[in-house]
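Asks: need the 3D shape of this:
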Amino acid sequence: MYVAVLDCSARDALASWSSVVSRKRMRNSSEQGHPARLVLRRTGSNDLVWANVKKMPFPLHNREFVNHQVCCSDVNGDLLITTVPVDEVIDYGMKTNPVRGLARTLMRLIPAGESQCKVAYYMYGDAGGRIPAFVMGSKIPLALGAVGDLREEFQRDDEIDKLERDQLARVIKDEPQTYTAEEDILINKGLAKLGMLEWEHFEELKSPDHLVKMGKILFDDGGVGLGNVTVDASIEVCAAWEIAKMNREQVRDAGSLERSFAMTNDHHGVYHVVYDIKIPGFQQREFLSSRVWRQQGDKLAVLYDDVEHPDFPVSPSLVRGSTTIYYE
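Replies: The predicted model follows:
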C-alpha cells in the first residue's frame, strides 16, 4: 500500500495516470531492461488490457503479467483505477519464456479541496513459482512507485510553501497575540541566556559565507554560537521562514529522520526532531523544544528551549539533546 497527497484534482491525477505517467513507466521499463510492455486493446477511454514482461535476476525466469484495467467513479465521487489478471496467451513477437504471475491493484483518488487529492494505492502480487523473499521485497517499492511518479508530475512545493509563509507573515504583522505567563517566561529566559550577549564576547569563526559573521563561546559541557547577517526581507517574512518548520522544503532537505510540530496557538508550539549524527558508535539524537515568537518593540524574537511534553516521551533508543536558540 502507498498513500500520498497530490497537488492536483483527482481528475487531473487520473488523466495524468492515463497519459504522462503511463508513458514515463513505459520508458522506464525499457531503460530497466524489461523485455516487453504493451497495450493489447482498448474498448474505451477508461478500459484497456495490457501486458508486460518483467526482467528477473539470474537464475530466475522473467515474469509475465496480463491485466484488464478499468477506471470509474464510486457513489462517494472518488475515482477508482482497478486491474485484474486476464487469462490470455500473448504473442510478443520474440522468445521470452516467462512465468505467468498475478497482480491485482486498486488506486483510489479522493478529492481533498479544489487543487489537491489523496491517493491510496493497494497491490496484491503473486509472481508465480518460487522466488526468494528478498527479491520480492526489492520489487515492491518499484511496483508502488507509480504514485511517486504522480506526485512528482504535479508537485508544487515552492508555491505552496510561499503561500503558507505569506499567511504566517500576515498573522505575525497584523494579528494581536495574547501571551500566557509561561510564554512570557520562555521568551525572557531566552533573552537572559542569549539575547544579552554582545559580539565582543565571542571568538570569531571563519564563515563559509562572506556575508555571514560567525562566532563561538565554548564551555566544558557545550557552547554558544552566534551568526549575524542582513537579509533582504522584512522581519515578518524572515520569521515566517524560520517558524515554518514543517514546510515542504525543510521536511525534504533538512536530513532529519523524524520531524513533527504540535501547534498550541499562532505563536507557540512544540517542535520534535530526530537526527542521525553519522558518527560510528553514537546513538541518534532527538531534540524537543518549545517554540514561541513575540514582538519586542521594533524587533521580533523567536525562541526554542527544552521542554517536556506527554506526546513525546523519552525514547530508550535515542539520546535526548539540549538546545536553546534565540533569533532576533
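
Asks: can you list the weak-confidence ranges in this structure?
Replies: Segments of the chain classed as low confidence (criterion: pLDDT under 70) are 1-2, 16-33, 139, 220-221.

Asks: what's the next secondary structure element after the top helix by length along it?
Replies: Secondary structure of the chain read by DSSP state H shows that its longest helix is helix 133-154. Under the assignment DSSP states H and E, the closest C-terminal helix or strand after helix 133-154 is helix 157-174.

Asks: and the next element down the chain from that next one?
Replies: Read in the C-terminal direction, the helix or strand following helix 157-174 is helix 181-190, with elements assigned using DSSP H and E.

Asks: chain center to that next one: distance?
Replies: Between the centre of helix 181-190 and the centre of its host chain there is 32 Å, according to Cα atoms, centre = their mean, to the nearest Å.

Asks: can you point out the buried residues in that helix?
Replies: Neighbour counts using 16 or more other Cβ atoms under 10 Å place 183, 186, 187, 190 of helix 181-190 among the buried residues. From N, CA and C alone the C-beta is placed, and that goes for glycine too.

Asks: just the closest of those residues to residue 82, please.
Replies: When the buried residues of helix 181-190 are compared for distance to residue 82 (Cβ to Cβ), residue 183 wins out at 51.9 Å.

Asks: residue 269 is in contact with the closest one, correct?
Replies: No - with contacts defined as Cβ atoms under 8 Å, residue 183 does not count as touching residue 269, sitting 11.0 Å away.

Asks: ok, the closest residue to residue 314 other than its chain neighbours - contacts?
Replies: With sequence-adjacent residues excluded and distances taken as Cβ to Cβ, 6 or more residues apart in numbering, residue 314 is closest to residue 320, at 5.8 Å. Contacts were defined as Cβ atoms under 8 Å, 6 or more residues apart in numbering; by that measure residue 320 touches 285, 286, 287, 288, 314.

Asks: CSV for those residues, including neighbour count and distance to residue 296?
Replies: Converted to CSV, these look like this (neighbours: other Cβ atoms under 10 Å; distance: Cβ to Cβ, whole Å):
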residue, neighbour count, distance to residue 296
285, 16, 31
286, 20, 30
287, 18, 24
288, 22, 25
314, 10, 33
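
Asks: tell me which of the residues you listed fall in strands.
Replies: Members of these lying in strands (criterion: DSSP state E): 285, 286, 287, 288.

Asks: for residue 8, give its distance to residue 324.
Replies: When Cβ to Cβ, to the nearest Å is the yardstick, residue 8 and residue 324 sit 42 Å from each other.

Asks: between those two, which one's more packed in?
Replies: Summary of the neighbour comparison: residue 8 and residue 324, criterion other Cβ atoms under 10 Å, with residue 8 having more neighbours (20 against 15).

Asks: pretty sure the more buried one is in a strand, no?
Replies: No - with DSSP: H, G, I helix; E, B strand; the rest coil as the criterion, residue 8 is assigned coil and is not in a strand.

Asks: grab the nearest non-local neighbour of it.
Replies: Ranked by Cβ to Cβ, 6+ apart and with sequence neighbours excluded, the top spatial neighbour of residue 8 is residue 154, at 4.1 Å.

Asks: ok, residue 179 to residue 173 distance?
Replies: If you measure residue 179 against residue 173 using Cβ to Cβ, the figure is 17 Å.

Asks: that older thread, the longest helix of the chain: how far from the chain's middle?
Replies: Relative to the mean C-alpha coordinate of its chain, helix 133-154 is positioned 15 Å out (Cα atoms, centre = their mean).
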